[in-house]
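Trainee: sequence? don't have it. structure:
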């Protein structure tokens with residue numbers, strides 16, 4: 001059932017039933033607790049104050065906003081985690097990037113691929129790098145939605161086919177179009193163009209773990 005009022009400490013659910021939750025994560029909030037007392041406030045802790053049985057299935061970067069799927073019992077967590085691992089969960093993101101990227105049509109531009117292997121940058125953890133020798137295969141699909149000639153930026157839609165850490169941020173920076181506000185992978189001028197990382201998980205679609213019914217949920221970006 002869709003909910004319209006905030007739950008817990010401002011956590012909003014766009015969908016809730018006995019098996020799962022789909023929550024709205026604001027930018028700047030961790031998905032799970034970090035190390036240290038200052039990193040205990042997180043989406044999972046807030047959710048568990050309202051739904052004590054809430055279990056993490058996947059995560060978003062702290063700086064990224066968007067839809068997060070949680071399970072409400074162990075069997076649902078197992079089934080949903082398997083669906084993520086088998087790439088049966090369809091995810092789309094929106095971002096605003098530096099430069100005029102791609103061609104824009106009436107309903108958005110054609111889909112394009114970024115196929116570049118990603119590896120950990122061990123000397124600068126938690127950063128990731130493109131590494132053709134040691135990197136894991138990583139594939140991102142993207143298309144241009146709108147151009148803004150005044151700011152020389154492009155709003156794009158993204159589909160991560162693989163799920164590497166920082167994948168969208170690393171891939172876009174690697175092709176010369178970092179995301180506005182990206183404190184990890186953008187140059188100082190691009191960081192300064194936005195007060196936050198302009199990356200938002202806007203769409204989630206998957207088979208319900210109990211019924212098999214297809215669920216498609218959206219939360220529009222507010223940038």
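Mentor: The structure has been received and is ready for your questions. Bear in mind that the values here come from a model prediction, so they are computed numbers and not experimental data.

Trainee: my read: residue 210 touches residue 72, true?
Mentor: No. With contacts defined as C-beta atoms under 8 Å, residue 210 does not count as touching residue 72, sitting 10.3 Å away. C-beta here means a position set from N, CA and C on the backbone, and glycine is covered the same way.

Trainee: and residue 75, helix, strand or coil?
Mentor: Secondary structure of residue 75, reduced to three states by DSSP: H, G, I helix; E, B strand; the rest coil: helix.

Trainee: Quick one: the strands in the chain, in order.
Mentor: If you assign secondary structure with DSSP state E, the strands in the chain sit at 12-16, 20-25, 55-56, 65-71, 90-98, 112-115, 118-120, 128-130, 139-148, 153-160, 199-207, 214-218.

Trainee: What are the buried residues along the last one?
Mentor: With burial defined by 16 or more other C-beta atoms under 10 Å, the residues of strand 214-218 counted as buried are residue 215.

Trainee: can you list the weak-confidence ranges in the protein?
Mentor: Residues of the chain meeting the criterion pLDDT under 70: 1-10.

Trainee: Nearest to the spatial middle of it, which residue is it?
Mentor: Nearest to the mean C-alpha position of the chain, counting by C-alpha atoms, centre = their mean, stands residue 201 at 4.2 Å.

Trainee: so that residue sits right up against residue 91, yeah?
Mentor: Yes. Because the distance of 6.5 Å satisfies C-beta under 8 Å, residue 201 is recorded as touching residue 91.

Trainee: if I look at these two, which residues touch both of them?
Mentor: With contacts defined as C-beta atoms under 8 Å, 6 or more residues apart in numbering, no residue is adjacent to both residue 201 and residue 91.

Trainee: picking up where we left off before, the strands of the chain: which one's closest to residue 172?
Mentor: Across those, residue 172 has its closest neighbour in strand 90-98 (5.6 Å, C-beta to C-beta).

Trainee: Name the residues that touch that closest one?
Mentor: Contacts made with strand 90-98 from outside it, assessed by C-beta under 8 Å, 6+ apart, are listed as 64, 66, 145, 152-160, 168, 172, 176-180, 186, 190, 193-194, 198-206, 221, 223.

Trainee: Going by neighbour count, list what's buried in stretch 164-177.
Mentor: Using 16+ other C-beta under 10 Å as the burial criterion, the residues of stretch 164-177 that qualify are 164, 166, 167, 168, 169, 170, 171, 172, 173, 174, 175, 177.

Trainee: export those to CSV and tack on distance to residue 41?
Mentor: Formatted as CSV, the buried residues of stretch 164-177 follow (distance: C-beta to C-beta, whole Å):
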residue, distance to residue 41
164, 26
166, 22
167, 26
168, 25
169, 23
170, 27
171, 30
172, 29
173, 29
174, 32
175, 35
177, 33
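
Trainee: coming back round to it: tell me the buried residues within the contacts of strand 90-98.
Mentor: In terms of neighbour count (16+ other C-beta under 10 Å), the buried residues within these are 64, 66, 145, 153-160, 168, 172, 177-180, 186, 190, 193-194, 198-204, 206, 221, 223.
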